[in-house]
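Chemist: All I have is the shape, not the residue letters:
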């Protein structure tokens with residue numbers, strides 16, 4: 001016997017459910033930072049554009065943690081975060097690199113910029129399909145924020161240290177953009193840092209290491225951050241050559257975008 005439509009429980013709509021404000025505000029701020037970076041690149045303020053991408057990275061890292069701390073995780077927030085990542089770490093770095101140096105290479109320049117953008121979209125799509133099945137200790141492919149840091153970091157460090165007149169800088173930019181894009185879709189594993197738990201006890205020297213790291217970043221932000229992400233971008237390939245990161249029990253977890 002079928003239940004009349006009038007007696008069936010009505011599915012709650014997004015309007016009735018509402019959304020969690022606090023974590024989505026961080027996601028919206030990350031989206032704005034990525035958009036602002038594109039606008040500044042169009043105005044030839046490339047250093048500001050690069051810093052905006054790094055700001056988007058910080059905000060993107062906070063929204064998920066805020067959602068977990070406040071128990072305000074939702075499917076809407078996950079989808080919103082993915083779309084924000086596509087703009088901030090897919091479209092924005094590609095357009096910044098194109099406006100900065102790749103434009104001078106003509107057709108090859110915009111093709112490589114599009115390859116980066118397309119790889120970011122593929123990386124995020126793969127991320128969404130791997131929910132609950134990936135080993136949380138590893139990322140398959142370079143996370144899109146790290147890839148964006150490679151591209152934006154090159155722009156930032158060149159303007160901060162007056163390297164914009166270096167010969168063949170447009171080709172270096174082409175290589176970094178292509179490397180960052182392809183690294184997002186390869187089947188190389190990168191350490192996720194999720195084995196580090198701030199609530200657990202650590203050796204006393206760990207605090208000293210954190211202090212030194214903060215001092216280094218404060219003293220030379222472009223150099224230290226760019227160097228870190230270059231090292232991280234190469235670490236997956238080094239571990240692959242050494243045969244590390246291949247074995248491990250599969251545990252449920254959400255890989256980074």
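Modeler: Here it is on my side, so go on. Everything numeric in this text was worked out from a predicted model, so none of it was measured.
Chemist: residues near residue 127, how many?
Modeler: When neighbours are defined as other Cβ atoms under 10 Å, residue 127 has 22 of them. The way it works is simple: take the backbone N, C-alpha and C, and place the C-beta from them, glycine included.
Chemist: before we move on, what about the one 3 residues further on?
Modeler: Neighbours of residue 130 under the rule other Cβ under 10 Å: 15.
Chemist: Quick one, grab the pLDDT at it.
Modeler: Note for residue 130: predicted pLDDT of 75.
Chemist: Pretty sure it sits against residue 140.
Modeler: Yes: if you go by Cβ atoms under 8 Å, residue 130 and residue 140 touch, sitting 7.2 Å apart.
Chemist: List the buried residues of stretch 98-113.
Modeler: By 16 or more other Cβ atoms under 10 Å, the buried positions in stretch 98-113 come out as 98, 99, 100, 101, 102, 105, 109, 112, 113.
Chemist: Then stretch 58-68?
Modeler: Going by neighbour count (16+ other Cβ under 10 Å), the buried part of stretch 58-68 is 59, 60, 63, 64, 66, 67.
Chemist: Confirm the second one sits in a helix?
Modeler: Read that as residue 60. Yes: residue state for residue 60 (DSSP: H, G, I helix; E, B strand; the rest coil) corresponds to a helix.
Chemist: Now do the nearest residue to it once chain neighbours are set aside against residue 86, distance only.
Modeler: Distances taken as Cβ to Cβ, 6 or more residues apart in numbering put residue 30 closest to residue 60, at 4.5 Å, once the chain neighbours are dropped. Residue 30 is 11 Å from residue 86, where distance means Cβ to Cβ, to the nearest Å.
Chemist: One more: residue 148?
Modeler: 11 Å.
Chemist: Between the two, tell me which one has more neighbours.
Modeler: Between residue 148 and residue 86, counting by other Cβ under 10 Å, residue 148 is the more crowded of the two (32 against 21).
Chemist: Quick check: that one touching residue 88?
Modeler: Yes: under the criterion of Cβ under 8 Å, residue 148 makes contact with residue 88 at 7.1 Å.
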